[in-house]
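Trainee: After the sequence you'll find the predicted model.
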Amino acid sequence: MKYLAHKSETDGRGQSVLVHLQGTGRLAAEFAGAFSAEQEGYRCGILHDVGKYSAAFQRRLFGSPEQVDHSTAGAYEAWKLQDVSAAFCIAGHHAGLPDFGSRGDNSEKPTLHARITRAMERKIEDYRSFSQEVEIPSAAVPVKFLNSRAAAFFFTRMLYSCLVDADYLDTECFMQNGDVGRGDFPPLGGYEAALAAHIMPWLSSPNDALGEARSEILRAALTAGSGKPGLFTLTAPTGSGKTLSSMAFALAHARENSLRRIVYVIPYCSIIEQTQGVFESIFGEGSVVAHYADVDYQKGESSPERDKRYLAAENWDAPIILTTTVQFFESLYGNRPSRCRKLHNLADSVLIFDEAQMLPVPFLRPCVAAISELVKNYGCTAVLCTATQPALDRLFREKDNLPNLEPIELCPRREELYEQFRRVRYEFAGTLPDDALAARLGEQRQVLCVMNRRDQAQALFALLSEKGRFHLSTAMCPADRRDKLREIRERLKTGQVCRVISTSLIEAGVDVDFPVVYRALAGLDSILQSGGRCNREGQPGVINGTVYIFESDRPAPRMLAQNIAAAKYILGKFPDIASPAAVSAYFQELFYLEKGMDALDERQILRLCNQDMPFAQVAEQFRIIETSQRTVYIPTEKSEPLLDELEQRGPSRMLLRKLGPYAVGVYPQHFERLSSIGALRRLSDSAAVLADTSLYNRETGLALTPEEGKGLFI
């Protein structure tokens, strides 16, 4: 009997199980070779689908409705060889990495132990015919991954990534009957040549003292690129060219150390778009792959000519990847195939953590542990890039991280350069009720005010004179925010009246320049990031910009209480709150005194990782953004055809990506209140179309209460 793994519905071709196992094994071995685990990768590939050597699976392939478990068989074969990592990977290569469970688990539980019990009790289909075609290869987990449970936990997930990507790619190649258009990106050397041509005028003939200082940082980054892989920091002032300097370092470092790709990890989608624009202006359109919720590469699953960037976003097989902090770390601690598929491509990479001060504090210790593991065992270099470097040394020195590796600072003369780039003074303005604050803002021709709450930002906006006023918050859909930012930049450039009320989304990396900024009291890092939007293009060393820090008469969100307490401590102790000494003291106070180490791992992720492989449990707990938020789609001229398609055909990955720019995230209570008054046309328990469009205004976004919406917009 010829056993088939796949059958093409279009032309009836069949792929034998043996050919699929061998193809998957070769790819998985190649991928795992990046971290010296070729044999393990090959064994996973060879065993993953041996359950398809069953009569039941063959019947299903030809139309039988019976359900067949084909993944437990290979997991059981690996288990008999005491290869637990391979058993996990094979058991979860479709449904996701399971928890280990315990010997007492009955055979119906979704744990690895239960799956093995099911196989031992012969409650799976007879697959023994595999032994007539398949020889199980020898393999051993490299010793370095057996030094701790945490290392073995991480290794298993990386091995899993190799298997699921190899399985996808081999199946895709068969189904598409050949090459599907992946890859075709230039080598990293081509990127380096393009960047060298771009920065040469900057390096050879700086325009002024500020340009000379930027050139000094850039030259230092290029020189440091010749160093060995490890842990680096780039603590450079706002406006000093961190984006290009970090890329210059990464490309030189990759060439020197034969690294494969550069991954930028960025906190906000708006910064990704901005960074993507900078890089594509240098390297060419389509040269980088941005992987985030709102990206749209036009051609989707049904197109015979899918955009190569769309394909590369699935497994990060491209020279330069831009992604979000959430996507990066939730993938590293995830357990689903689609999340984990890309992880093996992180090995031998330069990882740039842009705006590193925004690493999520409740998950800070597991984030640092993951970075450390990638540096220690997977050939990566990590660069923490920010103007306000968080005090992470203590976390990196923990015994399971990088206790003997001192981070190398790429920015020369940090103290002197801070003074040279200093263009802003910070003043405390006391308590300002909304009406008093609005009056002060109205006295300025161009001013930015950053609030802690969306509802207060909307209310303050309503108090301003209509001429030249703007509002930015996540209550607006991304498409409207982008349009407003373009208009704001144009008005700032041409000297027109421009008064902007924003939430904190404008702080990190958004390229705007105001002469005056007001910032509601928050954490010091947030205050200084707001300050980075002030007098950005001023003369170095000439303090012409002012940031006024104020307390609102409305309470700040409870989640900011400790950050505000630590900021008040710094405000009372340091005359210059933006100095490197003040920033260091703030993070020491916040991380280790105010919050304490337990608060840096609120979900006890590291404790779980040191238990018996609870992959599913860790993935459930490690959620930087809670999925409790609901999605409200805003009807517009561009979104309505997409919404019609969504309601008629149901969701697809590409359709949801295209709708991302027209979506607003809301909390459950807000969602239910809008639904109760008939303002929503529900698509599911977590998504709806806004039916009452009077509750959305392009100036201020979605009303946070129905009554408020009627008052503001009618």
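Mentor: Nice, thanks for sending it over.

Trainee: Going along the chain, name the helices of the stretch 251-400 of the chain.
Mentor: Using DSSP state H, counting those that start in this stretch, the helices assigned to the stretch 251-400 of the chain run over residues 269-283, 308-315, 325-332, 337-340, 364-377, 393-396.

Trainee: For Lys484, which of these is the nearest?
Mentor: helix 269-283 (11.3 Å; C-beta to C-beta). Quick note: C-beta positions are derived from backbone N, CA and C, even for glycine.

Trainee: Serialize the helices of the stretch 251-400 of the chain to TSV and add fields for distance to Glu66, mean pLDDT and mean neighbour count.
Mentor: Compiled in TSV, the helices of the stretch 251-400 of the chain are given as follows (distance: least, C-beta to C-beta, whole Å; pLDDT from 0 to 100; neighbours: other C-beta atoms under 10 Å):
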stretch	distance to Glu66	mean pLDDT	mean neighbour count
helix 269-283	44	87	18
helix 308-315	30	80	21
helix 325-332	34	95	21
helix 337-340	23	95	20
helix 364-377	41	97	23
helix 393-396	51	92	18
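
Trainee: what about the helices in the stretch 51-200 of the chain?
Mentor: With helices called from DSSP H, counting those that start in this stretch, the stretch 51-200 of the chain shows them at 55-61, 72-80, 84-91, 112-120, 149-175, 188-204.

Trainee: that older thread, figure out which of the helices of the stretch 251-400 of the chain is closest to Phe31.
Mentor: helix 308-315 (9.5 Å).

Trainee: ok now the closest one, how far from the chain's centre?
Mentor: Chain-centre distance of helix 308-315: 15 Å, with C-alpha atoms, centre = their mean, to the nearest Å.

Trainee: what angle do that helix and helix 149-175 make?
Mentor: Put simply, helix 308-315 runs at 140 degrees to helix 149-175, going by axes from the mean of the first three to the mean of the last three C-alpha atoms, to 10 degrees.

Trainee: how far off helix 325-332 does helix 308-315 point, in degrees?
Mentor: Going by the same axes, to 10 degrees, helix 308-315 makes 50 degrees with helix 325-332.

Trainee: residues in contact with stretch 102-112?
Mentor: Applying C-beta atoms under 8 Å, 6 or more residues apart in numbering, the external contacts of stretch 102-112 come out as 75, 87-88, 91, 95, 98-101, 113-114, 117-118, 121, 123, 612-613, 616.

Trainee: for stretch 390-403, same thing?
Mentor: Identification of contacts with stretch 390-403 by C-beta under 8 Å, 6+ apart yields 148, 150, 231, 356-357, 359, 364-365, 368-369, 371-372, 375-376, 384, 405, 407, 525, 584, 587-588, 591-592, 600.

Trainee: Next: stretch 188-205.
Mentor: Under the contact criterion C-beta under 8 Å, 6+ apart, stretch 188-205 has outside partners 211, 214-215, 218-219, 244, 247-248, 251-252, 254-255, 260-262, 282-284, 287, 319-320.

Trainee: Would you show me how to pick out the buried ones of the residues you listed in PyMOL?
Mentor: In PyMOL syntax, the buried subset of these is picked out as below (16 or more other C-beta atoms under 10 Å):
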select buried, resi 214+215+218+244+247+248+251+252+254+255+260+261+262+282+283+287+319+320
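
Trainee: can you tell me which of the contacts of stretch 188-205 are in strands?
Mentor: Of the contacts of stretch 188-205, the ones assigned to strands by DSSP state E are Arg261, Ile262, Ile320.

Trainee: Take the residues you listed and write them to a markdown table, including pLDDT and distance to Val632.
Mentor: Output for these, formatted as a markdown table (pLDDT from 0 to 100; distance: C-beta to C-beta, whole Å):
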| residue | pLDDT | distance to Val632 |
| --- | --- | --- |
| Arg261 | 97 | 36 |
| Ile262 | 98 | 36 |
| Ile320 | 97 | 34 |
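
Trainee: can you tell me how far Lys658 sits from Arg698?
Mentor: 19 Å (C-beta to C-beta, to the nearest Å).

Trainee: Settle it for me: which of those two has more neighbours?
Mentor: Using other C-beta atoms under 10 Å as the criterion, Lys658 and Arg698 rank with Lys658 on top: 22 against 15.

Trainee: re earlier: format the helices of the stretch 251-400 of the chain as a markdown table; extra columns: distance to Ala687.
Mentor: Below are those laid out as a markdown table (distance: least, C-beta to C-beta, whole Å):
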| stretch | distance to Ala687 |
| --- | --- |
| helix 269-283 | 19 |
| helix 308-315 | 22 |
| helix 325-332 | 19 |
| helix 337-340 | 19 |
| helix 364-377 | 29 |
| helix 393-396 | 37 |
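
Trainee: Of all those, which one comes closest to Gln446?
Mentor: Among the helices of the stretch 251-400 of the chain, the nearest to Gln446 by C-beta to C-beta is helix 269-283 (20.4 Å).
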